[in-house]
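> just need the structure, nothing else, for what follows:
(one chain, ligands or ions: 1)
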Amino acid sequence: MIQIDVGFRYNRQACRPAPMDALYQNIKLVDVYDAINSSREDFDFYISELPETPATVLDIGCGTGTFALNLAGRGYEVTAVDPAPQMIVSAMQKDTGRSVNWVTGLVSDLADAPEFNAAIMTGHAFQCLLEDSQISLLFDAIKRRLHRGGSFWFETRNPAVRPWLRWTPEHTAPPYNLGGGRTVQVVHQVLSVNDDSVTFEERYDFNDDSETLISRSTLRFIALAEIEALAVKNGLLLADTFGNWKREPMSSDSPEIIVRLTKAT
Ligand SMILES: C[S@@+](CC[C@H](N)C(=O)[O-])C[C@H]1O[C@@H](n2cnc3c(N)ncnc32)[C@H](O)[C@@H]1O
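Residues are numbered from 1 along each chain as shown. Model (predicted):
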């Protein structure tokens, strides 16, 4: 068994990732990310909210690039950023037509000019931001890079339903098919819950060898009121919220907090 001790941690002063979560950094785990995350209602939702082409879109925390490539295929001019180098390498390998501008880093690393008609952060990537300072850095960077009238969309799991209560070995899903007879089973185990941060392990058991990989992560389950306060502090406004991908209003038992922010001025 190989344990990759990770936990996505930031240096609070510099707001820089260090060291990376193995899930986004270990080549074997990056390679299975798409197979494990193949059901994507979120993509359809966000695509339906985009302005018509031609338009510029920023994909934040793009991961393996599936969403960015989908948008580029629809005629959008796409820039995709992610601080995990291995995720960007994986995304670039798929982009044989060089249709996306890939950037390893944060939004604040991009040129400070209003370039984008829309910005989107899919796959609960927003929950990787553990500190208010990281969220402020992101919101401020978005405000500077969105065109007037542009929208920033993202989602975070609703803390009120405490989804981590189901992240237990008893709730393990059937093994994921990786093709060619290969499968991987993913077992979750919560290690600790501190305020709004949940630390958990994901254990990856592959059927084709004896290797087991363990990735440890921390995610933040922030409340909507805190998101709104940080948005306002950084020159953004809460424009819309939804509780699920069917566009139903948010309630205490909604699985998601889907948010649209716009520029305040
Ligand atoms: C669960 S993955 C989601 C990937 C992709 N958006 C998707 O929908 O499949 C979370 C991603 O967020 C990235 N990430 C972590 N911290 C980030 C930050 N501060 N800014 C942008 N992306 C970040 C990770 O490297 C990882 O690729």
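
> is it true that residue 129 touches residue 220?
Yes. Judged on C-beta atoms under 8 Å, residue 129 makes contact with residue 220 at a distance of 6.4 Å. Heads up, the C-betas are built off the backbone N, CA and C, glycines and all.

> of these two, who's got more company?
residue 129 (25 against 21; other C-beta atoms under 10 Å).

> number of residues surrounding the residue nearest to that one when sequence neighbours are not counted?
Excluding its sequence neighbours, the residue lying closest to residue 129 (C-beta to C-beta, 6 or more residues apart in numbering) is residue 135, at 5.0 Å. Neighbour count of residue 135, defined by other C-beta under 10 Å: 21.

> shouldn't residue 135 be within a helix?
Yes. Counting by DSSP: H, G, I helix; E, B strand; the rest coil, one finds residue 135 located in a helix.

> that one against residue 229, yeah?
No. Using C-beta under 8 Å as the test, residue 135 is too far from residue 229 to be in contact (10.1 Å).

> between the two, which contacts overlap?
Common neighbours of residue 135 and residue 229 are not found (criterion: C-beta atoms under 8 Å, 6 or more residues apart in numbering).

> tell me the phi and psi of the residue positioned nearest the centre of the chain?
Nearest to the geometric centre of the chain sits residue 125, at 1.9 Å (C-alpha atoms, centre = their mean). Main-chain dihedrals, residue 125, degrees, to the nearest 10: phi -60, psi -30.

> could you measure from residue 39 over to residue 173?
Going from residue 39 to residue 173 by C-beta to C-beta, to the nearest Å gives 11 Å.

> residues contacting the residue nearest to residue 129?
129, 222, 227, 230 are the contacts of residue 135 under C-beta under 8 Å, 6+ apart.
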